[in-house]
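K.L.:
fold the following for me, if possible:
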Amino acid sequence: MSQNQDRSQDQSAAALSEEELQELVAATDTGGRAPTNRKVALLISGLALAWSLFQLWIAQPQLWFGAWLPVMNSSQTRPMHLAFAMVLAYLAYPAFKSSPRDRVPLVDWILAFVGFGCAFYVFAFSTELALTARSGLPTQMQVAIGAVGIVVLLEASRRALGPALAIVGTLFMLYAYIGQGWLIPDLIEHNGLSFTALINSLWLDTTGVFGIPLGVSTAFVFLFVLFGAILDKAGAGNYFIQLAFAGLGHLRGGPAKAAVVGSAMTGLISGSSIANVVTTGTFTIPLMKRVGFSSEKAGAVEVASSVNGQIMPPVMGAAAFLMVEFVGISYVEVIKHAFIPAVISYIALVYIVHLEALKKDMPALGEARSLLQMFLKIFIGFVLAAIAFTALIYGIRGLRAAAPGIADWVVMAAILGVYVLAVRVAARRPDLALDDPNSTEIKLPTIAQVFPTGLHFLLPILVLVWFLMVEMQSPAKSAFYAVGLMLFIIVTQRPLKAMFRGEDVAQATRAGFLDLIEGLIMGARNMIGIGVATAAAGIIVATVTKTPIGTELAGLVELLSGGHLFIMLLLVGVFSLILGMGLPTTANYIVVSSLMASVVVSLGAQEGLIVPLIAAHLFVFYFGIMADVTPPVGLASFAAAAVSGGDPIRTGFTAFFYSMRTVALPFLFIYNPTLILYGVDLGTWAGLLHAAFIFVVATIAMLLFAAATQGYLLAPSRLWESAALLLVAFTLFVPGFWLDRIQPRFHESPPTDLAAAIDAAQPGETVRFVVEGPSFSDGSITRMTLVHTVTESDPPTGRAEAAGLFLIQEGDRLFMDEPMFGSYYGEQLKGFDFYTDTRVEVVSLLTPAQRMPKQVFYIPALLLLGLVVALQRRRQTKPAF
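P.N.:
So this is what the prediction gives:
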C-alpha cells in the first residue's frame with residue numbers, strides 16, 4: 001500500500017471521533033435518536049428504566065409479593081415485554097436516514113401508541129382471549145387489533161434491525177395466506193389460511209408472535225443483557241481490556257492478542273459484536289497498526305474476536321437461550337456442548353495473530369515475552385482456580401450438612417466480607433483509565449497493577465456460574481441473583497472506595513445511584529432490537545408449524561444435496577450466510593433452525609450417522625454468528641473499518657478468512673460429536689479425563705489448521721506442507737473417518753432379532769437398526785438409522801412394544817405398523833407413510849464390530865507432522881513462539 005493510501009486512511013480514521021463511534025453503536029444497538037427536548041429524553045429514559053424494573057419484578061424467584069399482588073404468567077409477561085420494546089423502538093429509532101434525530105415526529109408518537117395498545121390488549125384481555133381466539137373463535141375486533149399489531153411490529157423490526165427481517169416475515173405471511181400460485185413451487189403448496197386464522201395464529205394465539213422466541217427474550221435474555229450492561233457501567237469492561245493488555249501486550253503482536261482475549265472477556269458483558277468492536281477496538285486497533293498490522297488486518301482481528309463473543313460460555317448470545325427451548329435441554333448442557341469449540345476457537349485466533357506477527361517480524365510493545373510462558377501461566381491459573389472452586393463446592397456442601405439452618409446466611413455474609421475486602425484492595429490503587437493509544441509512548445500495565453483493582457467484578461460472575469453449574473438452577477433464576485449482586489455492587493463500590501480513601505462519601509453515593517439508573521436504562525435500550533426481533537421471528541416459527549414449508553423445504557434441500565449430508569451441510573451454511581447478510585444472529589438462528597435442524601438429523605440418520613440435535617443447532621448457530629462478518633453487509637466489519645480507517649469490504653473478507661476456524665468447527669462436530677462432549681459424562685473422573693484428552697487433541701488440531709490456513713508454522717509453508725498440516729488436523733479431529741474406510745463400524749444381523757436384542761441390552765446400552773419405507777412427502781423409498789437406548793425404567797421384556805414400536809415378523813422379514821402416537825418413535829418415523837401398499841420394514845440390525853482403536857491414526861498423522869516440522873526447522877529464522 002502506498003504512503004498516500006496510508007495517509008488517507010489515517011485521515012479517515014481520525015475523522016471518526018469517539019462521539020461519532022458511539023453514535024454508530026447507538027444507531028445499530030440502542031437507537032440513534034437523541035431528542036433535544038428534555039421532557040422527551042426523560043420520557044424515553046423513564047420508559048427504559050421502567051422496563052428494566054418490570055423485568056426484575058417478574059423475575060423475582062421467591063415471589064414474596066404473591067400474597068399481596070397478582071403473579072403474572074407467561075401469557076401476560078410476554079405482551080408487556082413486547083409493549084415496552086415497540087414503544088422504545090419507535091421513540092429511539094428514526095424511520096429513515098433522513099428522519100430527524102433531535103426530535104420524535106408525530107407519526108412516531110402515533111405508531112408507538114398503537115404498538116403499545118395492540119400488545120397491551122393481549123396482556124389486559126388474556127382471559128378473554130383464552131375463551132375466544134385461543135379456542136378458535138376470535139372476534140372481529142380481536143382480528144383487527146392483531147392485524148394492526150403485526151404491521152406495526154414489522155415496521156418496528158425494520159427500524160431497529162433493517163429491512164431483512166420485515167421482508168422475510170412478510171413473505172412468510174403471504175405464503176401462509178395465499179398457499180398456492182405461480183410464485184409458489186408445487187412442493188410447498190397448500191390450501192392457504194383464511195385471514196382470520198392467519199391473524200389468530202400469529203398474534204392472538206401463543207404460538208406466533210407471543211410464542212417461544214419472545215418467551216425466551218422475556219424470561220432469560222433480558223436479565224443477561226441487563227447483567228452485562230450494569231457490569232460494563234460499573235467499569236468491568238475497562239478492567240477486562242486492561243487485564244488483557246497487562247497479560248499479553250508484551251508479546252509479539254501483543255495488541256492483537258490482547259484484542260482477542262479482551263474481546264472474549266467483554267463478550268461476557270456485551271452481546272453485541274458491534275458494541276464490542278467499538279468498545280475494545282478504539283484502543284486495540286490503533287495499537288495493532290502501531291506494531292505493523294495494516295488497517296484492514298487490525299480491524300479484521302477485532303471483528304473476528306468480537307463476533308465470537310456470542311459463542312463463549314457462560315454468557316452466550318440470545319440464540320443460546322432459544323436453543324434451550326428448541327432442543328429441550330438445560331442451559332448447563334448448552335454450555336457443556338459449546339465450551340470446547342469456543343475455547344479452541346479463541347486459542348486458534350491468538351495463534352493466528354501470533355503467526356501474522358512472526359510473518360511480518362512485528363515488534364513487541366516494550367520488552368518481548370514468550371507466548372509459551374504466557375500459555376503456561378494461564379494453564380497454572382486455570383488449575384489453581386479449578387482447585388479453589390472445587391474446594392469452595394465441598395466447603396459449602398459441608399457447611400450445609402453441618403448447619404443447614406444458617407448455611408445460606410453464612411455464605412451471604414462471606415460474600416459481603418469478600419466484596420468489602422476486594423473493594424478495599426482496589427481503593428489502595430488509582431482507578432483504571434485507558435491510555436491514549438496514539439500517544440508517543442505507551443506504558444503497558446502489569447498484572448500485579450491491574451488484577452487487584454477489579455476483583456469485586458469477579459464475584460457476580462462467580463455467583464452466576466455457581467447457580468448455573470453447581471446449584472443447577474434455571475438461567476432466569478441464576479441471572480436474577482447475579483444481577484441482584486451486581487445492583488448492590490454498582491451502588492456501593494463508589495461510596496466504599498470514597499470511605500477507604502477518605503473522600504466525600506455522600507457525593508460518591510449519589511454517583512453510585514446515577515450509575516445504577518444509567519445501567520438499568522442502558523440494559524433496556526440494548527434489548528429493544530432483541531425484543532422486536534424475537535417477536536417478529538415468531539411469525540416465521542408459526543408459519544413453519546401451520547404450513548408444510550418446514551417438511552417440504554427440507555425435502556427440497558435434501559433433493560438438491562442428492563441425499564449427501566456433507567453437501568446439505570454446505571447448502572445450510574450458505575443459506576445461513578445469505579440470511580445473515582440482513583438478519584441479526586438471533587433471527588437468523590430461529591429461521592434456519594426451524595427449517596433445517598431436524599433435516600440435518602434425519603439426513604444424517606439416512607447415511608447411518610447419528611447426528612445429535614444439539615450438534616445440528618450449534619451448526620446453525622455458528623453460521624449465524626458470521627452475520628456480522630460476512631461481506632458486503634457485515635456490520636461489525638463496517639464498525640471496525642470506521643475505527644481503523646481501512647476499507648470495510650477488505651476488512652470483512654480478511655475477518656472472514658480469520659474466522660475460517662469458526663466455519664470449519666461446525667462440520668467437524670457434526671461428524672465427531674465428542675468435540676462438543678456429546679456422550680461424555682463429566683460427573684465421573686473417567687469422563688473428566690476423556691474431556692481433557694479431547695480438549696488437548698482438538699486444540700493441537702485447531703492450531704495446525706490455523707497454521708495451514710496462514711501458510712506459516714515454523715517458517716513460510718510450501719503448498720504441500722499446508723496441505724499436509726490440513727490432513728493432520730483433519731485426522732486429529734475426526735480419526736474415525738479413516739477407520740471407517742478400513743473396517744466397517746457394524747455387522748449386519750437378521751432384523752428379526754431386533755426385539756430380542758433390545759430385551760437383552762443392559763441399561764445405558766444402545767441398539768441400532770435401519771428402517772426402510774416410502775416417504776410421506778413423495779412416496780420415494782428412503783432409509784433411516786435409529787438408535788434405541790435402554791434405560792433403568794424399561795421393563796425386563798417387551799421393551800420394543802413399550803417404546804411404541806409395533807413389529808410384525810413374516811418369515812425372515814420384519815415389518816412395522818405406525819408407531820404409537822406421541823412416542824419417541826412416532827416422532828422419529830413421522831416422515832414414513834405407513835398406509836401405502838409398500839410397507840415400512842426393518843431391513844437390518846446393526847451390531848458394533850470389533851475394530852482397532854481409531855486413535856491409531858494419530859500415529860501416521862503425528863509422523864507426517866514431524867516431517868513437516870523437520871523440514872521447516874531447516875528454514876526457520878526466528879523463534880516460533
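
K.L.:
let me know the pLDDT of Val868.
P.N.:
If you check Val868, the pLDDT there is 92.

K.L.:
gap between it and Leu668?
P.N.:
From Val868 across to Leu668, the span is 21 Å (Cβ to Cβ, to the nearest Å). No exception for glycine: its C-beta is placed from N, CA and C like everyone else's.

K.L.:
who's in contact with Glu818?
P.N.:
Residues near Glu818 by Cβ atoms under 8 Å, 6 or more residues apart in numbering: 806, 826, 829, 834-835.

K.L.:
and the residues you listed, which are buried?
P.N.:
Those of those that meet the buried threshold are 829, 834, by 16 or more other Cβ atoms under 10 Å.

K.L.:
next, format the contacts of Glu818 as TSV and append pLDDT and distance to Ala50.
P.N.:
Listed next are these as TSV, based on pLDDT from 0 to 100; distance: Cβ to Cβ, whole Å:
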residue	pLDDT	distance to Ala50
Phe806	88	57
Gly826	83	46
Leu829	84	50
Phe834	87	55
Tyr835	86	56
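
K.L.:
inside helices: which ones of the contacts of Glu818?
P.N.:
With DSSP state H as the criterion, helices contain Gly826 from among the contacts of Glu818.

K.L.:
adding distance to Asp102, write the contacts of Glu818 out as CSV.
P.N.:
Putting the contacts of Glu818 into CSV (distance: Cβ to Cβ, whole Å) gives the following:
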residue, distance to Asp102
Phe806, 70
Gly826, 60
Leu829, 61
Phe834, 66
Tyr835, 66
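
K.L.:
nearest to Leu88 among the contacts of Glu818?
P.N.:
Closest to Leu88 out of these is Gly826 (44.0 Å), distances taken as Cβ to Cβ.

K.L.:
do you know the pLDDT at the nearest residue to that closest one once chain neighbours are set aside?
P.N.:
Leaving aside its sequence neighbours, Gly826 sits nearest to Pro819 (Cβ to Cβ, 6 or more residues apart in numbering; 4.4 Å). Per-residue pLDDT puts Pro819 at 89.

K.L.:
pretty sure Pro819 sits in a strand.
P.N.:
No: going by DSSP: H, G, I helix; E, B strand; the rest coil, the assignment for Pro819 is coil, not a strand.

K.L.:
show me what contacts it?
P.N.:
Contacts of Pro819 by Cβ under 8 Å, 6+ apart are 804-806, 825-826, 828-829.

K.L.:
try 10 Å this time
P.N.:
Going by Cβ atoms under 10 Å, 6 or more residues apart in numbering, Pro819 touches 803-806, 825-830, 832, 834, 840.

K.L.:
distance of it from Gly281?
P.N.:
In terms of Cβ to Cβ, Pro819 sits 54 Å off from Gly281.

K.L.:
kindly report the same for Lys443.
P.N.:
The spacing between Lys443 and Gly281, counted by Cβ to Cβ, is 21 Å.

K.L.:
more neighbours: which of the two?
P.N.:
In this view Lys443 and Gly281 are compared by other Cβ atoms under 10 Å, and Gly281 has more residues nearby, 29 against 8.

K.L.:
which one's the longest helix in this protein?
P.N.:
helix 505-546.

K.L.:
chain center to it, what's the gap?
P.N.:
Centroid displacement of helix 505-546 relative to its chain, using Cα atoms, centre = their mean, to the nearest Å, is 17 Å.

K.L.:
what average pLDDT does that helix get?
P.N.:
Looking at helix 505-546 alone, the average pLDDT works out to 89.

K.L.:
what of stretch 103-115?
P.N.:
93.

K.L.:
swap in stretch 478-492?
P.N.:
Stretch 478-492 comes out at a mean pLDDT of 92.

K.L.:
what about the nearest residue to Phe806 once chain neighbours are set aside, how many residues close to it?
P.N.:
Distances taken as Cβ to Cβ, 6+ apart put Asp817 closest to Phe806, at 3.9 Å, once the chain neighbours are dropped. Asp817: 12 surrounding residues under other Cβ under 10 Å.

K.L.:
identify, from the contacts of Glu818, the entry nearest to Leu560.
P.N.:
Leu829 (23.8 Å).

K.L.:
phi and psi next, for the nearest residue to that closest one once chain neighbours are set aside.
P.N.:
For Leu829, ignoring the flanking residues on the chain, the nearest one in space by Cβ to Cβ, 6+ apart is Pro819 at 5.5 Å. Pro819 has phi and psi values of phi -60, psi 160 when expressed as degrees, to the nearest 10.

K.L.:
state the distance from Leu88 to Phe116.
P.N.:
Relative to Phe116, Leu88 is positioned 10 Å away (Cβ to Cβ).

K.L.:
correction: the previous question concerned Thr127.
P.N.:
The gap separating Thr127 from Phe116 is 20 Å, by Cβ to Cβ.

K.L.:
who's more crowded, the two?
P.N.:
Phe116 (21 against 10).

K.L.:
where does the stretch 151-300 of the chain have low pLDDT?
P.N.:
266-276, 279 (pLDDT under 70).

K.L.:
from Thr789, how far off is the closest residue to Val734 other than its chain neighbours?
P.N.:
In space, and not counting its chain neighbours, Val734 is closest to Asn672: 4.7 Å by Cβ to Cβ, 6+ apart. Counting by Cβ to Cβ, the gap from Asn672 to Thr789 is 20 Å.

K.L.:
who has more neighbours out of those two?
P.N.:
Asn672 (19 against 14).

K.L.:
pull the contacting residues for that one.
P.N.:
615, 678, 694, 698, 733-737, 854.

K.L.:
reformat those residues as a markdown table; add secondary structure.
P.N.:
Below are the contacts of Asn672 laid out as a markdown table (three-state DSSP):
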| residue | secondary structure |
| --- | --- |
| Ala615 | helix |
| Tyr678 | coil |
| Ile694 | helix |
| Ala698 | helix |
| Phe733 | helix |
| Val734 | coil |
| Pro735 | coil |
| Gly736 | helix |
| Phe737 | helix |
| Lys854 | helix |
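
K.L.:
extract the C-alpha trace of stretch 49-67 and format it as PDB.
P.N.:
What follows is stretch 49-67, C-alpha atoms only, in PDB (Å, rounded to 0.1, in the frame of the first residue of the first chain):
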ATOM      1  CA  LEU A  49     -35.900   2.300  33.300                       C
ATOM      2  CA  ALA A  50     -39.500   1.100  33.900                       C
ATOM      3  CA  TRP A  51     -38.900  -1.800  31.500                       C
ATOM      4  CA  SER A  52     -35.800  -2.900  33.500                       C
ATOM      5  CA  LEU A  53     -37.700  -2.600  36.800                       C
ATOM      6  CA  PHE A  54     -40.600  -4.600  35.400                       C
ATOM      7  CA  GLN A  55     -38.300  -7.400  34.200                       C
ATOM      8  CA  LEU A  56     -36.700  -7.500  37.600                       C
ATOM      9  CA  TRP A  57     -40.100  -7.600  39.300                       C
ATOM     10  CA  ILE A  58     -41.400 -10.500  37.200                       C
ATOM     11  CA  ALA A  59     -38.100 -12.400  37.500                       C
ATOM     12  CA  GLN A  60     -38.100 -12.300  41.300                       C
ATOM     13  CA  PRO A  61     -37.800 -16.100  42.000                       C
ATOM     14  CA  GLN A  62     -39.100 -16.100  45.600                       C
ATOM     15  CA  LEU A  63     -42.400 -14.200  44.700                       C
ATOM     16  CA  TRP A  64     -42.600 -12.800  48.200                       C
ATOM     17  CA  PHE A  65     -45.200 -10.300  46.900                       C
ATOM     18  CA  GLY A  66     -47.600 -13.100  45.900                       C
ATOM     19  CA  ALA A  67     -49.800 -12.700  48.900                       C
END
